[in-house]
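> Predicted model and sequence follow; I will ask about them next.
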Amino acid sequence: MALPDELYNVKFAEYFKLLKRMYVLDEKFKMICDAYCIIAADRGRYKDDSAKNYRLRIRSENLLKELEEEILFYIMRNG
């Protein structure tokens, strides 16, 4: 099973081998990574400058940061 493109990112580079192994073997970790990938792929939808899209873009970026932290903490705790 290949990693989604969104996980090939500088923030995870140090843990890439571990990330790859855990993505295949740990279902909970895979769910967190898949949520991250969905948000990362979806954030391009909010490019225009309307107030509604601005709020959604900020919310999406905040969620993406939280998921990045969760992925890194999960790797450190369980890797």
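In hand now; what should we look at?
> For the longest helix along the chain, what does the pLDDT average out to?
Using DSSP state H, we find that the single longest helix of the chain is helix 51-78. Per-residue pLDDT values across helix 51-78 average out to 91.
> And the contacts of stretch 35-51?
Under the contact criterion Cβ atoms under 8 Å, 6 or more residues apart in numbering, stretch 35-51 has outside partners 4-7, 53-54, 56-57, 60-61, 63-64, 67-68, 71. (Each C-beta comes from the backbone N, C-alpha and C, glycine too.)
> Drop anything exposed from those.
Burial by neighbour count, 16 or more other Cβ atoms under 10 Å: within these this picks out 6, 7, 57, 60, 63, 64, 67, 68, 71.
> could those residues go into CSV alongside distance to residue 77?
Putting the buried ones among the contacts of stretch 35-51 into CSV (distance: Cβ to Cβ, whole Å) gives the following:
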residue, distance to residue 77
6, 22
7, 18
57, 30
60, 26
63, 21
64, 20
67, 15
68, 15
71, 11
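> from those, which is closest to residue 27?
The shortest separation between residue 27 and any of these is 14.4 Å, and it belongs to residue 71 (by Cβ to Cβ).
> gap between the closest one and residue 52?
Distance of residue 71 to residue 52, given as Cβ to Cβ, to the nearest Å: 29 Å.
> What separation do you get for the residue nearest the centre of the chain and residue 65?
Residue closest to the average C-alpha location in the chain (Cα atoms, centre = their mean): residue 36, at 2.7 Å. To residue 65, residue 36 is 10 Å away according to Cβ to Cβ.
> swap in residue 19?
Residue 19 is 17 Å from residue 65, where distance means Cβ to Cβ.
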